[in-house]
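Asks: A predicted structure for the sequence below; I have some questions about it.
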Amino acid sequence: MNHTISPKKETQEWLEADGFGGFASGTVSGIRTRRYHALLLTATAPPAGRMVLVNGFDAEIETPEGKFALSSQRYAPGVDSPDGATRLVHFVLDPWPQWTYAFPGGTVIQEIFVPHGTTSIVLRWRWESAGAPAPRLHVCPFFSGRDFHSLHHENGSFRFTPEYIAEGQRWHFYDGQPAVLARSNGTYHHEPSWYRSFLYNEEAARGLDSVEDLAAPGRYEFDLATGPAVLIFSAEGLLEAVSTPPAPIDLAAQLADAEITRRATFATPRLRAANAYLVARGSGKTIIAGYPWFGDWGRDTFISMRGLCLATGRLREARDILTAWAGLVSHGMLPNCFPDHGEEPQYNSVDASLWYVIVVHEFLDAAKSHPDLETNSALLLSAVDAILTGYSVGTRYGIRADLDGLLACGEPGVQLTWMDAKIGDWVVTPRTGKPVEVQALWLTALGLASRHDPVWQEIFEDGCASFQDRFWNESRGCLYDVVDVDHQHGHVDDSVRPNQIFAVGGLPLSLLEGEQAARVVQIVEEQLWTPMGPRSLAPGEKDYAPHYVGGPAQRDAVYHQGTVWPWLAGPFIEAWVRVHGETPEAKAKARELFLEPRLSSLDLAGLHHVPEIADADAPHTERGCPFQAWSLGELLRIELDIL
C-alpha cells in the first residue's frame with residue numbers, strides 16, 4: 001500500500017519499532033517536537049533501559065546554484081532553521097517513511113527504516129532528475145547518549161572522537177553505555193561541535209523541560225552522482241556480529257529487501273502497526289503499552305493482546321506472553337508495571353490479574369482449532385487458580401471476596417483500577433469499595449474458571465445475584481460506578497462513567513440482559529460517546545473536564561474526568577451489537593455509526609495507530625501517547641472479531 005500523507009505536518013508522527021522496545025520516531029515535517037523523537041533509541045535491557053543514542057541530523061545538498069537544506073530544527077525560543085521543511089513536497093509512509101524534497105533541477109528522496117530484530121537504523125538518499133547534474137549531500141548527525149526520558153546538555157565529558165573501523169566509525173560517548181557504530185558509503189569529516197537549545201514543543205505543552213543540547217562530531221559527504229547515499233547507525237550488536245560485512249550500500253539493500261519481504265506478510269497497515277507492540281522480554285515476549293514513553297504494563301498487555309494476538313491469529317505469541325507472565329503471580333496478583341530501570345515490578349492493580357484469567361481462557365478456546373499448538377495449558381490454568389485463590393482469601397490493598405460474592409478492593413492512598421491517576425498522595429479517582437468493571441471482570445473470571453474447576457461455581461452464582469441486586473440505579477437508568485464506597489455498606493457513587501459498559505460488552509459473559517442492558521448502552525451512547533470513543537465522565541457531572549492540557553499535575557487531575565479513551569470503544573461497540581441482537585444488520589449499522597468514523601481519522605496523530613486519549617469536548621483533539629497498544633488492539637478486535 002502506497003499511503004500518502006499530507007506533508008509538513010508536525011502533529012502527525014511516524015514510528016519504526018525494532019522488536020526489543022527500541023524505536024525510531026519523528027514527525028512528517030521532519031521537525032522533532034518531542035524528547036523521544038530519535039533515530040536510534042535502543043533498549044539496553046529489552047524492553048527496558050531505553051537510551052537515545054542518535055537523535056537526528058541536519059542535511060543539505062550542494063549544487064552549482066548553491067546549498068539547499070533538506071532538514072529543519074526548532075531552536076529556543078521558537079526559531080526554525082534551516083529551511084528544509086519548506087521544500088518537502090511529498091511524504092509516503094509505506095513500506096517505511098519516505099520524504100521527497102524539491103530543488104532546482106530535481107528532487108531528493110530520503111528514506112528511513114529500522115530493520116526489525118536489529119538495534120539499527122538505515123538512512124538512504126537518492127537524486128532524481130531529468131538531466132540536471134547530481135549534487136553532493138552533506139549529513140551532520142546529532143548524538144546524545146541519554147536516558148530516553150531525560151534531556152542532554154553540553155558538558156565536557158562527551159567523547160567526540162571516534163574509533164575508525166572498516167568503512168565506518170565507532171563512538172563511545174560515555175562510560176556504561178553501548179557504543180554507536182556508523183557505516184556509510186560517504187566520506188566522514190571530523191568537525192566536533194555542540195548544537196545548542198533544541199526546542200521540543202510537545203514537551204513544553206506538557207509542562208516539561210523542553211530544551212536540550214546535542215553533540216555533532218562531524219559530517220558525512222556523499223556524491224549522489226555515483227548512486228544512493230547510505231548511512232547506517234547501530235547500537236553495538238548488528239554490524240560487528242558480521243565477520244565480513246558487505247559494503248554499506250549492499251548491506252542497506254539486503255536489509256531493505258528483507259524488511260520489504262517481512263512487512264508484506266501483514267495484510268493491512270493496521271496489522272503491521274500492531275506488530276510494533278510485540279517485543280522481547282528476556283527469552284519470552286511482552287507487549288509495550290505505548291510509544292514513545294510507556295513500558296510493558298500488565299493491565300495493558302492483557303487487554304491489548306486480545307486484539308493484537310488473538311483476533312489476528314497470532315496464538316504462538318499469545319501463548320509466549322501468557323506463559324512469561326504466569327510465573328509472576330504473587331499472593332494472587334500479577335504486576336501492573338515493570339519499571340524502566342530494572343526495579344522490582346509493582347503489584348498495584350486489582351484488574352490486571354483478572355484480565356489475565358479472562359485472556360487465558362480466550363486463548364485456550366482459540367487454540368482448540370489448532371491442535372498442533374502446544375498451549376502450556378497446565379501452567380496457565382495453575383496461574384489462574386493461584387489468582388482466584390489469592391483474591392478469594394484476600395491479598396494486598398484490601399482485595400478480597402466479600403460475603404456477597406463481589407470483590408472488594410482498595411486502601412487509602414492506593415490507585416488500583418484502570419482509572420489510576422495519582423498526584424503525590426492524592427488518588428484522583430480512588431474508587432475504593434466495589435467498582436463496577438472490577439465486578440464484571442471478577443464474575444467473568446469465576447464463570448470461565450468454573451468450566452475447568454467447579455469449585456468456583458457457587459461464588460460465581462452468588463456474585464451474579466448480588467451484582468444484579470446491588471448495582472442497578474433505577475433513578476438514572478444505569479449502573480452505579482462503585483457500591484460500598486470506602487467499604488461502607490450501602491454507600492454508592494452514581495457518577496455516569498463508561499465502566500458500566502463491561503457488564504454488557506467487552507467480556508465473554510454479560511451480567512445484564514434485556515431492558516437493563518439496553519439502557520446501559522443507551523446512556524453510554526447518549527452521554528459519553530464521541531467519534532474518538534467514550535468519555536471517562538459524562539458532561540455535567542461534578543469534576544467534568546473538557547480538555548486534557550497543562551503540566552503533569554493539571555493533566556493527571558483530569559485524566560479520567562471526561563477525557564476520551566479510545567480503547568473503550570471496543571467494549572461499547574460490542575455491547576451495542578449485543579443489545580441489538582448481534583444480527584448482520586446490527587453489525588453493519590455499528591460499523592457505519594462507530595467504526596468507520598474511527599478508521600477515517602487514524603492518521604491525525606500516530607500514523608496507522610490509535611492514540612491513548614483525546615479531549616472530552618469537540619473537536620476531541622488527540623492527546624497523550626500517540627501510539628497506544630490497547631487502543632489499536634481493541635480497534636482490531638472489533639474489526640476482526642465482533643463486526
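Replies: Yes, it's here. Numbering: from 1, shown residues only.
Asks: Residue 219 and residue 66: what is the separation?
Replies: Separation of residue 219 from residue 66 (Cβ to Cβ, to the nearest Å) stands at 17 Å. To be clear about C-beta, it is placed using only N, CA and C from the backbone, and glycine gets the same treatment.
Asks: more neighbours, those two?
Replies: Under the neighbour definition other Cβ atoms under 10 Å, residue 219 and residue 66 were set side by side, and residue 219 has more, 20 against 9.
Asks: For the residue lying closest to the more buried one once chain neighbours are set aside, give me its contacts.
Replies: Closest residue to residue 219 in three dimensions, ignoring its sequence neighbours and counting by Cβ to Cβ, 6 or more residues apart in numbering: residue 140, at 4.3 Å. By Cβ atoms under 8 Å, 6 or more residues apart in numbering, the residues touching residue 140 are 57-59, 216, 218-220.
Asks: Going through the residues you listed, which ones are buried?
Replies: For the contacts of residue 140, a neighbour count by 16 or more other Cβ atoms under 10 Å gives the buried set as 57-59, 216, 218-220.
Asks: Sort out which of those are in strands and list them.
Replies: Secondary structure from DSSP state E places 57-59, 216, 218-220 of the buried ones among the contacts of residue 140 in strands.
Asks: Residue 360: which of those is nearest?
Replies: residue 57 (46.0 Å; Cβ to Cβ).
Asks: Can you identify the element that follows the lowest-mean-pLDDT helix or strand in the chain toward the C-terminus?
Replies: Comparing helices and strands within the chain by mean pLDDT, DSSP states H and E singles out strand 4-5 as the least confident, with a mean of 56. With elements assigned by DSSP states H and E, the helix or strand that comes after strand 4-5 is strand 13-17.
Asks: What residues sit buried inside that next one?
Replies: Within strand 13-17, judged by 16+ other Cβ under 10 Å, the buried ones are 13-17.
Asks: Name the nearest residue to residue 25, ignoring sequence neighbours.
Replies: According to Cβ to Cβ, 6+ apart, the nearest residue to residue 25 is residue 15 (4.9 Å).
Asks: Likewise for residue 84?
Replies: With sequence-adjacent residues excluded and distances taken as Cβ to Cβ, 6+ apart, residue 84 is closest to residue 69, at 3.8 Å.
Asks: any idea how far the one you found lies from residue 30?
Replies: Between residue 69 and residue 30 the distance is 10 Å, computed by Cβ to Cβ.
Asks: go on, residue 313?
Replies: In this structure, residue 313 and residue 30 are 37 Å apart, going by Cβ to Cβ.
Asks: Looking at the two, which one has more neighbours?
Replies: When neighbours are counted by other Cβ under 10 Å, residue 313 and residue 30 differ, and residue 30 comes out ahead with 25 against 13.
Asks: ok, now which ones touch the more buried one?
Replies: Counting by Cβ under 8 Å, 6+ apart, residue 30 touches 70-72, 84-85, 88, 99.
Asks: Surely residue 331 and residue 395 touch.
Replies: Yes. With contacts counted by Cβ atoms under 8 Å, residue 331 reaches residue 395, the gap being 4.5 Å.
Asks: between these two, who's got more neighbours?
Replies: For residue 331 and residue 395, the more surrounded residue by other Cβ under 10 Å is residue 395, and the numbers stand at 20 against 15.
Asks: List the contacts of the more buried one.
Replies: For residue 395, the contact set (Cβ under 8 Å, 6+ apart) comprises 331-333.
Asks: and what of residue 72?
Replies: By Cβ under 8 Å, 6+ apart, the contact list for residue 72 reads 29-31, 80-86.
Asks: which of those count as buried?
Replies: Of the members of the contacts of residue 72, the ones counted as buried by neighbours, 16+ other Cβ under 10 Å, are 29-31, 82, 84-85.
Asks: For residue 160, state which of these is nearest.
Replies: Residue 160 lies nearest to residue 82 out of the buried ones among the contacts of residue 72, by Cβ to Cβ, at 22.4 Å.
Asks: Give me the nearest residue to the closest one, chain neighbours excluded.
Replies: residue 69 (3.6 Å).
Asks: swap in residue 448?
Replies: Distances taken as Cβ to Cβ, 6+ apart place residue 361 nearest to residue 448, at 4.2 Å, with adjacent residues excluded.
Asks: what about residue 90, which SS state?
Replies: Put simply, residue 90 is strand when judged by DSSP: H, G, I helix; E, B strand; the rest coil.
Asks: Quick check on the residue nearest to it when sequence neighbours are not counted: phi, psi?
Replies: Using Cβ to Cβ, 6+ apart and skipping residues adjacent in sequence, the residue nearest residue 90 is residue 100, 3.8 Å away. Main-chain torsions, residue 100, degrees, to the nearest 10: phi -120, psi 120.
Asks: now residue 100, which residues is it bridged with?
Replies: Taking DSSP bridges, one obtains residue 90, residue 109 as the residues bridged to residue 100.
Asks: what sits against it?
Replies: Residue 100 is in contact with 88-92, 107-110, counting by Cβ under 8 Å, 6+ apart.
Asks: Distance check, it against residue 224.
Replies: Counting by Cβ to Cβ, the gap between residue 100 and residue 224 amounts to 14 Å.
Asks: Checking my notes, residue 475 in a strand, right?
Replies: No. In this structure, residue 475 is coil, not part of a strand, as judged by three-state DSSP.
Asks: Leaving out sequence neighbours, find the closest residue to it.
Replies: residue 494 (7.8 Å).
Asks: doesn't residue 476 make contact with the one you found?
Replies: Yes. Residue 494 is within contact range of residue 476, at 6.1 Å (criterion: Cβ under 8 Å).
Asks: on that earlier part again, using a markdown table, lay out the buried ones among the contacts of residue 140 together with pLDDT and distance to residue 540.
Replies: Formatted as a markdown table, the entries for the buried ones among the contacts of residue 140 read as follows, by pLDDT from 0 to 100; distance: Cβ to Cβ, whole Å:
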| residue | pLDDT | distance to residue 540 |
| --- | --- | --- |
| 57 | 98 | 50 |
| 58 | 98 | 51 |
| 59 | 98 | 52 |
| 216 | 98 | 54 |
| 218 | 98 | 60 |
| 219 | 98 | 59 |
| 220 | 98 | 59 |
